[in-house]
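Q: Show me how the following folds:
(chains A and B)
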2 protein chains.
Amino acid sequence: MAWNKVAVVGAGMTRFGELFEAGLEQLAGEAFLEAVASVPKGFDVADLDAAYFANVVGSLQGNEIPSGATLANAIGLPGLAATRIENGCPSGSDAVRQGCLAIASGVADVVVVVGAEKLRERSTQSSLLESGRMGHPILTYGGTAATLFAPQVARHMYEYGTTREQMARVAVKSWANGARNPKAQRGGDLTVDAVLDSPVVCTPFGILDCCPQSDGGAAVILCRADRAAHYTDTPVLVAGLGLATDPLYIHEKQTMTGWACTRTAVQRAYAMAGIGPSDVDVAEVHDCFTGVELLNYEDLGFCEEGAAGKLVEAGDTDIGGRIPVNPSGGLLAKGHPIGATGVAQIVELYTQLREEAGARQVELRTGYALQHNLGGYSVGVSVVTILGRA
Amino acid sequence: MAWNKVAVVGAGMTRFGELFEAGLEQLAGEAFLEAVASVPKGFDVADLDAAYFANVVGSLQGNEIPSGATLANAIGLPGLAATRIENGCPSGSDAVRQGCLAIASGVADVVVVVGAEKLRERSTQSSLLESGRMGHPILTYGGTAATLFAPQVARHMYEYGTTREQMARVAVKSWANGARNPKAQRGGDLTVDAVLDSPVVCTPFGILDCCPQSDGGAAVILCRADRAAHYTDTPVLVAGLGLATDPLYIHEKQTMTGWACTRTAVQRAYAMAGIGPSDVDVAEVHDCFTGVELLNYEDLGFCEEGAAGKLVEAGDTDIGGRIPVNPSGGLLAKGHPIGATGVAQIVELYTQLREEAGARQVELRTGYALQHNLGGYSVGVSVVTILGRA
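A: Residues are numbered from 1 along each chain as shown, chains lettered A, B, ... in the order given. A predicted model of the protein is given here:
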């Protein structure tokens, strides 16, 4: 019933964080090598037919364009058919999706998808701040990621009585999970009060409601499902995929208490997988800001509209809860190196479905996991991937 | 024998040129509307399952990132699953390739691919020139497109006696063809002497050996081959596809008289189509500089290595010759709005294979056409597409 044409057979990622010592190519290469080494029955890189690369801000901030060939060279395989996918914050997820389509098309049997990003290294002349100073039409007026996501969260508070305490509870959960993930940028015993008392970035977000800026890389190796046994006895299958866009202008948005693109994308993914939200054992969702995770719960169908605050309060999305969300620490604690983020979400769910997540392992019931990645200019793109155990 | 899983059923493009009056979204939208209007039996945009967008320098020069959602909104279809492909100068061709893979995967039945670029509109602060002034590691030392392509052409002259006169003959042909194409940026009766006397940009290229900087948009509508009859009685099929990368550093290149990535890409495409170079009726190849077109003849197998100069001298690649190359005017005359270029090459070949090219129509024999697009940072990516009549 599920799509199941593609299997994940390897996954790897660098530590996420402020990695001033590593360049973009190095992060891509490290993630790739870890993914190759992770393949249970071994992997010959000569088996690769194609590569997909997710990177977003390289061209914005570095005055360079990291293209497909950048990845092919970084992983030591010039000649490979390599393509760069750019689709805002969900670039990594879309790269995984394109890799799946390439395999399902019959043109490629084995594909590697790598996402990598350097956010903590930029020339002063080409930084976003400098772009604002130079008269950039949006940045000059204070347009940032926080201001793009805040209106929906604020409206949700107004409509449903969602509180800053409930939002803070998301950060507390993420930091607790992050402390159990050696690859996470941060983690530990955060308190609700610490989040509430953190300096305001953009109402209703304090600094601890926001994900950090991160460097990092992540990689997954995909192959035809019917060849997965060549690489592993415990593959994870791609059960469903969905991508949708949204109007760019806020006055055209179809909802102000969520994002229509997520609702469409998840509908497509559930239909392809032949499952519904109650079948999801574990999810990695796009928690760039605490309140955004709450709205995502509703867009993804994890609870009724307006009930997300209560869901996190009840501990239902904790590891051990009814539907654990972001056991990796999520963007809030694991970090958010943009192009790598979606790929890293797949890495985490692959690890969870193989029950290799150690201290942060969730309990599996159905064997289905959901990945969700949201963003792009004016929050215009959402990607959902559903994975299932073979 | 050929792949033939995907059909082209519509194609459109804007005029290429210095279009100061049109923005990126407008160029994308105009090309899309022309493609929709071109579908012989009519086209309902609600049939679209996905969109692919090729754009390269938007993020470099505009401090914006035009993502998948940018295209979905520009064509009035927010909600659509839209992805941006970036792979240097072959971005448009790779977007067509990804659109084909999406259809062959079974996930999409009908896809639009749009390429658009603004090269003639950039803020002074974010121009490449300014990047050089600010200390960009390559641009500061004079690294430009011309300097990336010149070494191979110079070596070809040294190895095989290829002359500047033979190179100039390419420009003369392109301008003659451009004069027959109402969408071309330039065209007319250019003389070999005018090219030889044009100011040197980078030896061995004078300014008339170089393609112009262009704004423009192009679009094609693709569908499952077995549904093409719904849209047209004269579809064009995608017979083969190939993409390959190259080492980025010149000392690692496998040849200095051509590009290995093209040789690999075309081998993949010929194998998929089940044809060879002698089966090609007409080709659009990447003539960013006159000499590059000559080297491409050899990489693509149109003649023996070293014989390209004689091929163009003999008129074999003229309209009416043995294997007409760039009847559209090519990059040299039609123009080179980067993300649009590969898509526009497909537009031209679709038009040629339907025998609707008017004054520049070539004579068809086998009904196969070849598209070739080369470039990216350090000339690291090549894409070849083979089209055939149904």
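
Q: ok, which stretches of the stretch 151-300 of chain A are helices?
A: Assigned by DSSP state H, counting those that start in this stretch, the helices in the stretch 151-300 of chain A fall at A:164-178, A:192-196, A:260-273, A:290-299.

Q: Relative to chain B, which of the ones you listed is closest?
A: Closest to chain B of the helices of the stretch 151-300 of chain A is helix A:260-273 (CB to the nearest CB; 6.0 Å). The way it works is simple: take the backbone N, C-alpha and C, and place the C-beta from them, glycine included.

Q: How about the closest one and chain B, touching?
A: Yes. Judged by CB under 8 Å from any CB of the partner chain, helix A:260-273 and chain B are in contact via A:Ala260, A:Cys261, A:Thr264, A:Arg268.

Q: go on, stretch A:26-45?
A: No. Using CB under 8 Å from any CB, stretch A:26-45 stays clear of chain B, with a minimum separation of 13.3 Å.

Q: contacting residues around that stretch?
A: Applying CB atoms under 8 Å, 6 or more residues apart in numbering or on different chains, the external contacts of stretch A:26-45 come out as A:9-14, A:19, A:22, A:53, A:70-71, A:74-77, A:112, A:114-118, A:215-221, A:230-234, A:337, A:340, A:343.

Q: try 6 Å
A: Contacts with stretch A:26-45, where a contact means CB atoms under 6 Å, 6 or more residues apart in numbering or on different chains, come from A:9-14, A:71, A:74-75, A:114, A:116, A:217-219, A:221, A:231-232.

Q: Closest one to B:Leu370 out of the residues of helix A:260-273 next to chain B, please.
A: A:Arg268 (35.6 Å; CB to CB).

Q: per-residue confidence at A:Ser67?
A: At A:Ser67, the model reports a pLDDT of 91.

Q: List the residues that contact it.
A: By CB under 6 Å, 6+ apart, the contact list for A:Ser67 reads A:Arg84, B:Asn87, B:Gly88, B:Gly376.

Q: Kindly state the beta-bridge partners for A:Cys210.
A: For A:Cys210, the beta-bridge partners are A:Phe289 (DSSP bridges).

Q: Give me the pLDDT value at it.
A: 98.

Q: Now do stretch A:300-310: distance from first to last residue.
A: From its first residue to its last, stretch A:300-310 covers 16 Å (CA to CA, to the nearest Å).

Q: Find out how far it is from the centre of the chain, if you would.
A: 20 Å (CA atoms, centre = their mean, to the nearest Å).

Q: buried ones in it?
A: Within stretch A:300-310, the residues scored as buried using 16 or more other CB atoms under 10 Å in any protein chain shown are A:Leu300, A:Gly301, A:Phe302, A:Cys303, A:Glu305, A:Ala308, A:Gly309, A:Lys310.

Q: just stretch A:284-304 next, same as before
A: Within stretch A:284-304, the residues that count as buried by 16+ other CB under 10 Å are A:284-303.

Q: And stretch A:277-286, by the same measure?
A: For stretch A:277-286, the neighbour count (16+ other CB under 10 Å) marks A:Asp279, A:Val280, A:Asp281, A:Val282, A:Ala283, A:Glu284, A:Val285, A:His286 as buried.

Q: and the gap between the second one and chain B?
A: Distance of A:Val280 to chain B, given as CB to the nearest CB, to the nearest Å: 21 Å.

Q: partner residues bridging the spatially closest residue to that residue that is not a sequence neighbour?
A: Distances taken as CB to CB, 6 or more residues apart in numbering or on different chains place A:Leu370 nearest to A:Val280, at 4.7 Å, with adjacent residues excluded. With DSSP bridges as the criterion, A:Leu370 is bridged to A:Ala283, A:Ile386.

Q: Which residue, neighbours along the chain excluded, lies closest to A:Gly375?
A: For A:Gly375, the spatially nearest residue (CB to CB, 6+ apart) is A:Cys89, at 2.7 Å.

Q: contacting residues around A:Tyr350?
A: For A:Tyr350, the contacting residues are A:Val8, A:Ala11, A:Val236, by CB under 6 Å, 6+ apart.

Q: can you tell me the residue of the stretch 251-390 of chain A closest to chain B?
A: A:Gly380 (3.0 Å).

Q: got a list of what the closest residue to that residue other than its chain neighbours touches?
A: In this structure, A:Gly380 finds its nearest non-sequential neighbour in B:Ala69, 3.0 Å apart by CB to CB, 6+ apart. Applying CB under 6 Å, 6+ apart to B:Ala69 gives the contacts A:Thr245, A:Gly376, A:Gly380, A:Val381.

Q: neighbours of A:Val266, just the number please.
A: A:Val266 has 24 neighbours, counted by other CB atoms under 10 Å in any protein chain shown.

Q: which residue packs closest to it, ignoring adjacent ones?
A: Spatially, and ignoring its direct neighbours in sequence, A:Val266 is nearest to A:Val384 (4.6 Å; CB to CB, 6+ apart).

Q: A:Gln352 too?
A: A:Val282 (5.2 Å).

Q: got the contact list for that neighbour?
A: A:Val282 sits next to A:Pro324, A:Gln352, A:Val362, A:Ala369 when contact means CB under 6 Å, 6+ apart.

Q: In strands, which of the residues you listed fall?
A: Mapping the contacts of A:Val282 onto strands (DSSP state E) picks out A:Ala369.

Q: Make CSV from the contacts of A:Val282 and add distance to A:Ala184 to it.
A: CSV is the format used below for the contacts of A:Val282 (distance: CB to CB, whole Å):
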residue, distance to A:Ala184
A:Pro324, 16
A:Gln352, 15
A:Val362, 16
A:Ala369, 18
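
Q: Over to the most centrally placed residue in chain A. Which of the three states is it?
A: Closest to where the C-alpha atoms of chain A average out (CA atoms, centre = their mean) is A:Gly342, at 3.1 Å. What DSSP: H, G, I helix; E, B strand; the rest coil gives for A:Gly342 is helix.

Q: is it true that it touches A:Asp94?
A: No. Under the contact definition of CB atoms under 6 Å, A:Gly342 does not touch A:Asp94, with a separation of 7.2 Å.
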